[in-house]
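**Student:** Provided below for reference: sequence and predicted model.
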Amino acid sequence: MKTAQAGFRFPVVGFTPDLEMWAFQDLDTLTSCGPETLRDNLQIGMELVDADGRRWIVRSVTRTGRAESVLKSLLSMLLFAKPQSRIEHELDALEPLSLDEVKARACAMLEAFPEDYGQYDESDNVLAPLLAEVRRAKDIASLPELLGLDSFKAY
């Protein structure tokens with residue numbers, strides 16, 4: 001199925017094959033990306049989980065055009081910003097995930113990339129409180145803000 005056919009309930013979190021976690025606040029954010037994301041196929045294999053726990057895997061990504069107007073694209077280039085592309089995903093539906101499963105994946109991501117969350121060495125006391133907050137989360141929708149997740153739209 002195509003991105004627009006999935007009927008996502010936003011925000012949507014994305015789990016990459018290498019344990020990173022992305023967030024998409026709306027359909028516009030989900031269906032736009034920068035040149036590196038497109039060129040390097042960074043979304044292929046990503047599992048998208050919407051706020052209801054419904055889940056899909058990204059099988060392919062197709063550029064369908066510009067995500068910005070011509071004028072904004074030109075201005076972006078003048079300011080050395082990367083041009084944004086409009087994209088469409090080919091998705092396969094997977095079994096939904098429970099809130100506990102999503103939180104466990106978020107915790108695995110934190111433990112895999114502690115330096116991204118301020119834990120530069122074992123003496124830093126940043127990761128443990130954040131892990132506890134994730135475990136206390138009441139819904140999937142609160143995780144993107146809690147973790148400060150990025151959509152990697154600019155890359």
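**Tutor:** Yes, it's here.

**Student:** chain neighbours aside, what residue packs nearest to V126?
**Tutor:** The shortest distance from V126 to any non-neighbouring residue, by Cβ to Cβ, 6 or more residues apart in numbering, is to G118 (4.0 Å). Where C-beta positions appear, they are placed from N, C-alpha and C, glycine not excepted.

**Student:** check the one you found and give its pLDDT.
**Tutor:** As predicted, G118 sits at a pLDDT of 72.

**Student:** okay, it and I140: tell me how far apart.
**Tutor:** 23 Å (Cβ to Cβ, to the nearest Å).

**Student:** and those two? Which one has more around it.
**Tutor:** Higher neighbour count among G118 and I140: I140, with 23 against 11, using other Cβ atoms under 10 Å.

**Student:** now for the most centrally placed residue in the chain: which residues touch it?
**Tutor:** Nearest residue to the geometric centre of the chain (Cα atoms, centre = their mean): W22, 2.2 Å. Counting by Cβ atoms under 8 Å, 6 or more residues apart in numbering, W22 makes contact with V13, G14, T16, M46, L149, D150, S151, F152.

**Student:** element containing it?
**Tutor:** strand 21-24 (DSSP states H and E).

**Student:** next structured bit after that strand?
**Tutor:** helix 27-30.

**Student:** in that following helix, what counts as buried?
**Tutor:** Buried residues in helix 27-30, counting neighbours by 16 or more other Cβ atoms under 10 Å, are found at T29, L30.

**Student:** output the contacting helices and strands for it.
**Tutor:** Secondary-structure packing of helix 27-30 (3 or more Cβ pairs under 8 Å, 6 or more residues apart in numbering; DSSP states H and E): no helix or strand packs against it.

**Student:** got a list of contacts for it?
**Tutor:** Contacts for helix 27-30 (Cβ under 8 Å, 6+ apart): T3, A4, F8, F10, V12, F24, L48, A67, H89, S151, K153.

**Student:** let's verify the fourth one: helix, strand, or coil?
**Tutor:** Using DSSP: H, G, I helix; E, B strand; the rest coil, the structure places F10 in coil.

**Student:** need the contact list for it.
**Tutor:** F24, Q25, D26, L27, D50, A51.

**Student:** cutoff 7 Å now
**Tutor:** F10 makes contact with F24, Q25, D26, D50, A51 under the criterion Cβ atoms under 7 Å, 6 or more residues apart in numbering.
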